[in-house]
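Colleague: output the structure for:
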Amino acid sequence: MDYARDNRLRLWFLGFENWKELDASLTSSSKVYLSQMAVCLKEMERVLKPGCYCVLVLGDVEREGQTKRTAEILANLAGDVTNQRLAVETIYDDLIPDERRSRRKTCTTKFERILVMKKA
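Modeller: Numbers count the residues shown, from 1 in each chain. Coordinates of the predicted model:
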């Protein structure tokens, strides 16, 4: 998925006017992505009040014939970096039908998971 390109309208609403600049700064390297997400998860846990929820919509990643289930990976990472203060409530599976995608019949994201975590 070309995150910035595919989400340019959402990004505009969030104040990012130059999606191409953002796209250039993003990486598909899992090493960099996980360290960036660790920082994000810590901050989410810091600003959430106890009993409040954090919801992430995450696509599975396919590389070299293997599927990486990003929601499960980040659920484990959240527990590790927050000393279990962000706990998984549930993970919903959400199939993206081909007719709902802007680029049909491609190898882009076809399945998303909705990760719901609650601050203890």
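Colleague: drop to CA atoms for contacts and neighbour counts, all remaining ones
Modeller: Will do.
Colleague: next, count neighbours for the closest residue to F111 other than its chain neighbours.
Modeller: Residue nearest to F111 in three dimensions, not counting chain neighbours: L95, with 4.6 Å by CA to CA, 6 or more residues apart in numbering. Using other CA atoms under 10 Å, L95 has 12 neighbouring residues.
Colleague: any idea how far K118 is from L95?
Modeller: With distances taken as CA to CA, to the nearest Å, L95 is found 24 Å from K118.
Colleague: all strands of this structure, in order?
Modeller: 53-59, 61-63, 66-68, 86-95, 111-119 (DSSP state E).
Colleague: measure stretch 15-34 end to end?
Modeller: 24 Å.
Colleague: middle-most residue in the protein, spatially?
Modeller: L58 (3.8 Å; CA atoms, centre = their mean).
Colleague: so that residue is in contact with L95, correct?
Modeller: No: look at L58 against L95 with CA atoms under 8 Å: they stay out of range, at 11.6 Å.
Colleague: shared neighbours, those two?
Modeller: Taking CA atoms under 8 Å, 6 or more residues apart in numbering as the criterion, L58 and L95 both touch E112.
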